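Asks: Please find the sequence and the predicted model below.
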Amino acid sequence: MNRLCWRMAVVLTAVFILSGMLAGCGGTKRLKDGFYTAEMSEFSHGWQEYLIIQVKDNRIVAAEFNARNESGFIKAWDNAYMKNMMAQAGTYPNEYTRAYVQQLLDGQADTQVDVVTGASHSGQNFEKLAAAVLMQAVAGNAATAVVE
């Protein structure tokens, strides 16, 4: 199986398993308290996106979605990037990252988001990261999940 098909199969399998776990099939699978992290395996245009969630009492109570460059600088702190992106795309990292996080907090186990115009690639990555980080939370695995 070629690499792309294999990746798609892994993501779809993970989403299928996760949806069954979190949909309440018998109510036996719960999110374990703790902090869980997932990050993209590659940098895209100089940035590596990541998602961190905090779980308490089977609920996501806090989350951070952002990107960092190779030196660790956070994308949402880059004012020049913000101004350029706002002019070109009509949104910027502080806006769309908060929108995606709020959708996760509102939907809890729902990893699908309404994509923010101008930040659709980040929206797709967010969905992958959310699925991975929720799998970590179900397993109670605090290791950082790496997403292709």
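Replies: On my side now, so go ahead. Residues are numbered from 1 along each chain as shown.
Asks: for the protein, which spans come out with low pLDDT?
Replies: 1-28 (pLDDT under 70).
Asks: Now do the strands in it.
Replies: Secondary structure of the chain by DSSP state E: the strands cover 34-40, 48-56, 59-68, 145-147.
Asks: As CSV, these with mean neighbour count would be great.
Replies: (Each C-beta comes from the backbone N, C-alpha and C, glycine too.) Formatted as CSV, the strands of the chain follow (neighbours: other C-beta atoms under 10 Å):
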stretch, mean neighbour count
strand 34-40, 19
strand 48-56, 20
strand 59-68, 18
strand 145-147, 19
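Asks: between those strands, which one is nearest to Phe126?
Replies: Across the strands of the chain, Phe126 has its closest neighbour in strand 59-68 (5.8 Å, C-beta to C-beta).
Asks: I'd like to know which elements the closest one is packed against.
Replies: Secondary-structure packing of strand 59-68 (3 or more C-beta pairs under 8 Å, 6 or more residues apart in numbering; DSSP states H and E): strand 48-56, helix 93-107, helix 120-139.
Asks: want to try TSV for these, with distance to Asp78 as columns?
Replies: Compiled in TSV, the helices and strands packed on strand 59-68 are given as follows (distance: least, C-beta to C-beta, whole Å):
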stretch	distance to Asp78
strand 48-56	14
helix 93-107	8
helix 120-139	14
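Asks: which residue packs closest to Asp78, ignoring adjacent ones?
Replies: Spatial nearest neighbour of Asp78, excluding adjacent residues (C-beta to C-beta, 6 or more residues apart in numbering): Pro93 at 7.6 Å.
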